[in-house]
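Student: Fold the following, please.
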Amino acid sequence: MMPKAMRSRDIVNADPEQCQSGNITGIHPSRVYQKVRSEALAKNDRAINDLDDLTEELKYEQSIGRKFIQKIDLYPFSTILINEDNMKILKNELQSKRVIYINIDATGGILRKVSEAPLLHHTLILPVKANDANRSHVLINLGELITVDSCSFNIEYFLRFYKNKFLNITKENRMAQIFVTDKSFANINAIINSQNNMTLREYLDTTYQICIGNRNIEHLTLAMLCSSHITKNWKDEIKKHFQHLNKEEFFFICSLIGHSMTIEIYDDLANFLKLIIRLFCTPKKNLDYQSILNQIHHTLAMNKDCNMTNEDEQQIDTDDDLSILSSKTIYQSSPFFKFFNDFATQLIDEQFFQDESDDNPFYSTIFVKEFMKKSISLIPLWSASLPKLLLMHETYRRANNGYIEGYFGNLKSSLRSNTTIGKLGSIKIGRYIRFIKEKNKIDFQKRLNLK
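Tutor: Okay, the predicted model is just below:
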């Protein structure tokens, strides 16, 4: 119970007659309640200082032969947490021959600082299908990186550390077929480097060769962007570039982007993207415009589940945008960008403006250039064609980070309701670790019970 609540309780329970006579011995000053609260919270602490408490917790784990805290670095501060029991669940999922998706994301606002910079949690979550009518998945916490420096190097180190430990214990050849993340450049680079020993440029070159049929790689781990983040950001881009469109026209463009994300054959995707580019690069409502529009409507009619809806954005908390992935060197070196840019440049150069037909409301070469830089250049990160090509007969579902967003929401809710570890945002790291170890035990048991 918080100090204010304790004092309020004592005031309510105090004898009114004694209070009126000046006898308030049962009601203490606020600092007394704060001291009582502080002592209650520190009951299971191993040291007063946060870092000392963490170090002592590690020593305790070593003494009992169960290691959850894997590594502690002080400058800059970071620690890696791994539950080896949950590795068994990941191994079982891999052996089930299902497509394994691992979500990675970060959150803050949980722990109090151990230095000037705030602590962020980078967490690996494995959604495991539950054999229970009341829930679709159990969310398994595979590991956490708690750090003050969320650079690509630190995240990659964490993923490599986990991968090496997992492969050594299980003798598997990889952790998962697909990693799902938001548009964090650090996360994307870290996933591709740690799982495939490639840079992002090498990954784009390799996947392009796979898409056009010139190469095949066994055990390539895919990095996929959350479809809900892409949906939200492209809605914002479309609103910015097409402010003059009515609601029906706006959702028509949204459906083009939505459909392109679901196409499972790369040649079909390339043809559809060419149609989109031709539509945006045709300035007038001429015969070519009508032909393009008819082909697009026919394609969309074959796939009615392609609209970008508000449901795609549920549980997504993002302020980032696609510009983080569109630095000049990345998009210009992408073979996907080069191919479609040559196609678009030729279209724009061939346009003549002699006819008197009405203007095409979707005409925008600026939007085409943004679309190619921020989306087409990164086709392997969002298209269903590459997973379908590599996973062959396996069922592919759209990548979505809603699982890990939901996990963070539930975690913070659990921490708020827990009265033994402190206020959210000021929790000692040692207390958090003791809490999360117990939570992992419960999640592991849930999974065992749902088999």
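
Student: can we go C-alpha only for contacts and neighbour counts from here?
Tutor: Fine.

Student: and the residue positioned nearest the centre of the chain, bridged to which residues?
Tutor: Central residue of the chain (CA atoms, centre = their mean): residue 181, 3.4 Å from the mean position. Bridge pairing for residue 181 (DSSP bridges) gives the partners residue 225.

Student: Spit out the contact partners of it.
Tutor: 103, 104, 105, 187, 188, 223, 224, 225, 226, 400, 401 (CA atoms under 8 Å, 6 or more residues apart in numbering).

Student: Apart from its neighbours in sequence, what residue is nearest the second one?
Tutor: The shortest distance from residue 104 to any residue that is not its chain neighbour, by CA to CA, 6 or more residues apart in numbering, is 4.8 Å, and that residue is residue 124.

Student: My read is that the one you found contacts residue 106, right?
Tutor: No - Residue 124 lies out of contact with residue 106 (CA atoms under 8 Å); the separation is 9.2 Å.

Student: Comparing those two, which residue is more hemmed in?
Tutor: It is residue 124, of residue 124 and residue 106, that has more neighbours when counted by other CA atoms under 10 Å, with 24 against 20.

Student: Check the secondary structure at that one for me.
Tutor: Of the three states, residue 124 takes strand according to DSSP: H, G, I helix; E, B strand; the rest coil.

Student: about what we covered before: of the contacts of residue 181, which belong to helices?
Tutor: Of the positions in these, 187, 188 sit in helices, assigned by DSSP state H.

Student: pLDDT on stretch 263-280, on average?
Tutor: For stretch 263-280, the mean pLDDT works out to 94.

Student: Can you list the buried residues in it?
Tutor: 263-266, 269-270, 272-280 (16 or more other CA atoms under 10 Å).

Student: Need the residues that contact it.
Tutor: Contact partners of stretch 263-280, identified using CA under 8 Å, 6+ apart, comprise 211-212, 256, 260, 289, 292-293, 296, 340, 343-344, 347, 362-365, 367-368, 383-386, 388-389.

Student: can you pull the contacts of residue 108?
Tutor: For residue 108, the contacting residues are 118, 119, 120, 121, by CA under 8 Å, 6+ apart.

Student: Now do the end-to-end distance for stretch 192-204.
Tutor: One end of stretch 192-204 to the other measures 10 Å (CA to CA, to the nearest Å).

Student: for that stretch, the distance to its chain's centre please.
Tutor: 18 Å (CA atoms, centre = their mean, to the nearest Å).

Student: ok, now stretch 157-172?
Tutor: Relative to the chain's own centre, stretch 157-172 is displaced by 21 Å; criterion: CA atoms, centre = their mean.

Student: Export it to PDB, keeping only CA atoms.
Tutor: The C-alpha coordinates for stretch 157-172 follow below in PDB (Å, rounded to 0.1, in the frame of the first residue of the first chain):
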ATOM      1  CA  TYR A 157      25.300  -8.600 -29.500                       C
ATOM      2  CA  PHE A 158      22.200  -9.700 -27.500                       C
ATOM      3  CA  LEU A 159      20.700 -11.600 -30.400                       C
ATOM      4  CA  ARG A 160      24.000 -13.300 -31.200                       C
ATOM      5  CA  PHE A 161      24.500 -14.200 -27.500                       C
ATOM      6  CA  TYR A 162      21.000 -15.700 -27.400                       C
ATOM      7  CA  LYS A 163      21.400 -17.500 -30.700                       C
ATOM      8  CA  ASN A 164      24.800 -19.100 -29.800                       C
ATOM      9  CA  LYS A 165      23.500 -20.200 -26.400                       C
ATOM     10  CA  PHE A 166      20.300 -21.700 -28.000                       C
ATOM     11  CA  LEU A 167      22.100 -23.500 -30.800                       C
ATOM     12  CA  ASN A 168      24.700 -24.900 -28.300                       C
ATOM     13  CA  ILE A 169      22.000 -26.300 -26.000                       C
ATOM     14  CA  THR A 170      19.500 -27.500 -28.600                       C
ATOM     15  CA  LYS A 171      21.800 -28.400 -31.600                       C
ATOM     16  CA  GLU A 172      19.200 -26.600 -33.900                       C
END
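
Student: Run through who's touching it.
Tutor: So stretch 157-172 is in contact with 80, 82, 87, 91, 143, 145, 173-175, 190-191, 194-195, going by CA under 8 Å, 6+ apart.

Student: what's the lowest-pLDDT member of the residues you listed?
Tutor: residue 173 (86).

Student: Dihedrals phi and psi, the closest residue to residue 426 other than its chain neighbours?
Tutor: Counting by CA to CA, 6+ apart, residue 112 is the residue found nearest to residue 426 once chain neighbours are left out, at 4.0 Å. Dihedral pair for residue 112: phi -80, psi 160, per degrees, to the nearest 10.
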